[in-house]
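Peer 1: Sharing a model that was predicted from the sequence below.
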Amino acid sequence: MAKRATNKPSKADAIRNYQKDNPEASPTVVADALKKAGYKDVTPQYVSTIKSMDKRKANGPTKTGKITAEDLMTAKEFVDSIGGVGRAKQAMEMLSKLTH
């Protein structure tokens, strides 16, 4: 990957920063503002893609995501609250039957 000649943020970071300061701005408005700020090739579609990727990341791990220490602590709290691993497994099996 080529190095940037300046210290300005990447296009994706510039989009995030603009959205943070202007949360109601549409992708077209964001793209136009960044083009005026010197970012080339920023399209409304690219802005939407960055927003969508950030939203997915914010929604937590995916089915293939790694289980974190925080996930384990949440699971432990659940197991403790329901009365042990056996009951937790039973509850998960019942939940699986309801959702499939």
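Peer 2: Structure's in. What do you need?

Peer 1: can we go C-alpha only for contacts and neighbour counts from here?
Peer 2: Will do.

Peer 1: tell me which element the residue nearest the centre of the chain falls in.
Peer 2: With distances taken as CA atoms, centre = their mean, K57 lies nearest the centre of the chain, 1.6 Å away. Using DSSP states H and E, K57 falls within helix 44-58.

Peer 1: I'd like to know the average pLDDT value across that helix.
Peer 2: Average pLDDT, helix 44-58: 88.

Peer 1: distance between that helix and the chain's centre?
Peer 2: Distance, stretch centre to chain centre, for helix 44-58: 8 Å (CA atoms, centre = their mean, to the nearest Å).

Peer 1: residues of the next helix or strand after it that come out buried?
Peer 2: Going down the chain from helix 44-58, the next helix or strand is helix 69-82, by DSSP H and E. Within helix 69-82, the residues scored as buried using 16 or more other CA atoms under 10 Å are V79.

Peer 1: Residues touching helix 69-82, excluding its own?
Peer 2: If you take CA atoms under 8 Å, 6 or more residues apart in numbering as the criterion, helix 69-82 is touched by V85, R87, A88.

Peer 1: Would you mind giving those residues as a markdown table with neighbour count added?
Peer 2: Output for the contacts of helix 69-82, formatted as a markdown table (neighbours: other CA atoms under 10 Å):
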| residue | neighbour count |
| --- | --- |
| V85 | 14 |
| R87 | 14 |
| A88 | 18 |
